[in-house]
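K.L.:
below is the sequence, then the predicted model.
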Amino acid sequence: MANLRSSLVIGLVVQLAWVPEWPSCAASTSVTSTLTIFTAVAIPGTVAALVVAGLAYEVELSVSWSIIPATLLTSAMATSVGQALANVIPAPRVIDLITNLVIFLVLLFAPIVVA
């Protein structure tokens, strides 16, 4: 669950902040390259955070094969939503506001349980 939440935050926030500066090209090329770049950037940090948290809180993490499609689908959804919002809203200030709102809401309502 933490993997999906962190991928969601990274995909939405970075996508919203970066699209206004993206050069104009075919929409499918832009979305595909953005999905690939942000997924590749998000995965090492997510894995490192999960490993450090597992060691710090002495939690046993088990990995199954379902994590691969779950991570890819979450990244695709977050990137698609971020791409759509960034392309629809032309004002950079509004995009900055939405970016900060997404960060605040996702982190505020993230269930953090320390036993």
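P.N.:
Structure received.
K.L.:
I figured A53 hits T46, correct?
P.N.:
No. Contact criterion C-beta atoms under 8 Å: A53 and T46 do not qualify, at 10.6 Å. (C-beta placed from N, C-alpha, C; glycine too.)
K.L.:
who's more crowded, the two?
P.N.:
More neighbours surround T46 than the other of A53 and T46, with 18 against 12 (other C-beta atoms under 10 Å).
K.L.:
tell me how far that one lies from T74.
P.N.:
Applying C-beta to C-beta, to the nearest Å, the value for T46 to T74 is 10 Å.
K.L.:
what of V88?
P.N.:
21 Å.
K.L.:
neighbour count winner among those two?
P.N.:
More crowded of V88 and T74, by other C-beta under 10 Å: T74, with 20 against 8.
K.L.:
buried residues in the helix or strand hosting T29?
P.N.:
For T29, the host element (DSSP states H and E) is helix 27-56. For helix 27-56, the buried set under the neighbour-count rule, 16 or more other C-beta atoms under 10 Å, comprises 30-31, 34-35, 38-39, 42-43, 46, 50.
K.L.:
pLDDT below threshold where in the protein?
P.N.:
Residue ranges of the chain with pLDDT under 70: 1-28, 113-115.
K.L.:
change it to 90
P.N.:
The chain contains residues with pLDDT under 90 at 1-47, 49-50, 53-54, 57-63, 67-68, 70-115.
K.L.:
mind checking the SS state of S64?
P.N.:
Following DSSP: H, G, I helix; E, B strand; the rest coil, we place S64 in the coil state.
K.L.:
mind checking how far it is from I95?
P.N.:
According to C-beta to C-beta, S64 stands 36 Å off from I95.
K.L.:
the two - which one has more neighbours?
P.N.:
Taking neighbours as other C-beta under 10 Å, S64 and I95 compare with I95 leading, 21 against 7.
K.L.:
wait, that one touches I89, no?
P.N.:
Yes. Using C-beta under 8 Å, I95 is in contact with I89, at 5.6 Å.
K.L.:
can you name the two of the buried residues of helix 27-56 that are farthest apart?
P.N.:
Using C-beta to C-beta, the pair of the buried residues of helix 27-56 lying farthest apart is S30 and L50, separated by 29.9 Å.
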